[in-house]
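J.: need a 3D model of the sequence below.
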Amino acid sequence: MLPMVRLNEIRIGEVAVDLPPATDAGLIFIGTICTPWTDRLACPRQGRLDGPVCRLEIAEPFVAALAGLEQYAEVEVLYWLDRSRRDLVLQSPQRDGTVRGAFSLRSPVRPNPIGTARTRLVDIVGATVRVQGLDCLDGTPLIDLKPDRSTFTPLAPPQPGDFETGPA
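T.: From the prediction side, this is the model:
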């Protein structure tokens with residue numbers, strides 16, 4: 001078995017680039033994620049809906065935004081992978097020199113390290129949301145929560161674009 005990825009390692013065939021200057025997208029973290037993982041080498045590569053229960057600690061003034069979320073069995077969690085590299089555009093996940101573009105992988109190493117996970121909602125108590133299915137480190141900044149798209153029906157009246165289709 002090949003060894004796991006080491007911190008800041010560049011494997012055969014991988015390509016790192018100089019990043020352009022950052023621009024502020026105005027991102028606001030709505031809370032912090034609490035998971036059992038403090039080391040990237042122990043963290044799962046993909047979350048599992050039957051994985052450990054993790055906590056999303058929602059910060060004020062965003063706690064009120066949780067109203068109604070309890071009616072969904074699954075929640076999409078978006079988070080900022082703050083300890084990930086951002087400069088590898090070609091990666092070799094199998095460590096064999098075969099490379100793939102960062103956008104063709106679910107790797108945390110990407111220009112904008114946004115993680116997303118479909119999670120099972122366990123419960124909501126006050127400012128704490130408990131879920132299963134995460135794959136991030138303890139202390140990861142939380143960006144957003146959304147009802148799982150496959151079970152959500154828009155509540156607002158339809159707009160003309162809702163009915164547009166394209167070629168098959």
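J.: going forward, measure contacts and count neighbours with C-alpha atoms only.
T.: Will do.
J.: for the protein, which spans come out with low pLDDT?
T.: In the predicted model, the chain carries pLDDT under 70 at residues 1-7.
J.: the same query, at a cut-off of 90, please.
T.: Within the chain, the ranges that satisfy pLDDT under 90 run 1-27, 40-41, 45, 93-97, 107, 148-168.
J.: which parts of the longest strand seen in it are buried?
T.: If you go by DSSP state E, the chain has its longest strand at strand 114-125. Neighbour-count burial for strand 114-125 flags 114-121, 124 (criterion: 16 or more other C-alpha atoms under 10 Å).
J.: which residues sit in contact with the residue nearest the centre of the chain?
T.: Taking C-alpha atoms, centre = their mean, the centroid of the chain lies closest to Gly115, which sits 1.9 Å from it. Shown in contact with Gly115 (C-alpha atoms under 8 Å, 6 or more residues apart in numbering): 77-81, 108.
J.: just the residues you listed: which are in strands?
T.: 77-80.
J.: just the buried residues of those.
T.: Among these, those buried by neighbour count (16+ other C-alpha under 10 Å) are 77-80.
J.: save those residues as a markdown table, and put in distance to Val53 too.
T.: What follows is these, written out as a markdown table (distance: C-alpha to C-alpha, whole Å):
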| residue | distance to Val53 |
| --- | --- |
| Val77 | 14 |
| Leu78 | 17 |
| Tyr79 | 17 |
| Trp80 | 19 |
